[in-house]
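Asks: could you look at this predicted model? Sequence included:
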Amino acid sequence: DLIVHVRDVTHPETILQKATVLSVLKNLNLPSHLLDSMVEVHNKVDLIERYEPTEENALAISALHGRGLEELKEEIEKKVLTATGKKILTVHINLDGPQLSWLYKEATVQEVEVMPEDGTARVKVIISNSAFGRYKNLFPN
């Protein structure tokens, strides 16, 4: 669903390495959307003072120090959700009904926050558009 190209930006041939990787990927006849949505990551930025990527949409990280990893995780999540036609939603459900069981079967439940005072819960899910449409039809409230 996604290509993540991690580059060592401290390597003296980093630009040539990028060109080589892109050439190999193009020769593999991958779908164009994979190449167009590729995430480029510049690693080892801790070794270059005040490093800022000059390439559009490149993410600067230091895997060693954890710099930029949260942004990288968010970008990967966003691109994978887009590529797979899914979204992250939080739905409010009644725990007396079948909604929670349905969500566990039809979506990926990430988090359940129970409100015992009223027998409800907030459920964070990863769900496809079609499954969410079925959910809304089955449980209109």
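Replies: Nice, thanks for sending it over.

Asks: next SSE after the helix or strand hosting Val91?
Replies: For Val91, the host element (DSSP states H and E) is strand 86-94. Following strand 86-94 in sequence order, the next helix or strand is helix 99-106 (DSSP H and E).

Asks: quick one: contacts of that following helix?
Replies: For helix 99-106, the external contacting residues (CB atoms under 8 Å, 6 or more residues apart in numbering) are 91, 93, 109, 112, 121, 123, 125, 127, 131, 134-135, 138-139. Yep, even glycine has a C-beta here, placed from its N, CA and C like the rest.

Asks: beta partners for Val112?
Replies: Beta bridges link Val112 to Val123 when assigned by DSSP bridges.

Asks: shift numbering so it begins at 34
Replies: Got it, the first residue is 34 from now on, which makes the last one we talked about Val145.

Asks: could you list the domains of the protein?
Replies: Per the record, the chain has its domains at 37-116, 118-171, by the TED database.

Asks: give me the distance between the two termini of the shortest one.
Replies: With CA to CA, to the nearest Å as the measure, the first residue of domain 118-171 is 21 Å from its last.

Asks: mind checking the pLDDT average for it?
Replies: In this model, domain 118-171 carries a mean pLDDT of 96.

Asks: chain center to it: distance?
Replies: In terms of CA atoms, centre = their mean, to the nearest Å, the gap separating the centre of domain 118-171 from the centre of its chain is 20 Å.

Asks: now the longest one
Replies: For domain 37-116, the distance between its averaged C-alpha position and the chain's averaged C-alpha position is 14 Å (CA atoms, centre = their mean).

Asks: mean neighbour count added to the domains of the chain, as TSV?
Replies: Written out in TSV, the entries for these read as follows (neighbours: other CB atoms under 10 Å):
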stretch	mean neighbour count
domain 37-116	14
domain 118-171	14
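
Asks: go ahead and flag the most central residue of this protein.
Replies: The central residue of the chain, meaning the one whose C-alpha is nearest the mean C-alpha position (CA atoms, centre = their mean), is Glu110 at 0.7 Å.
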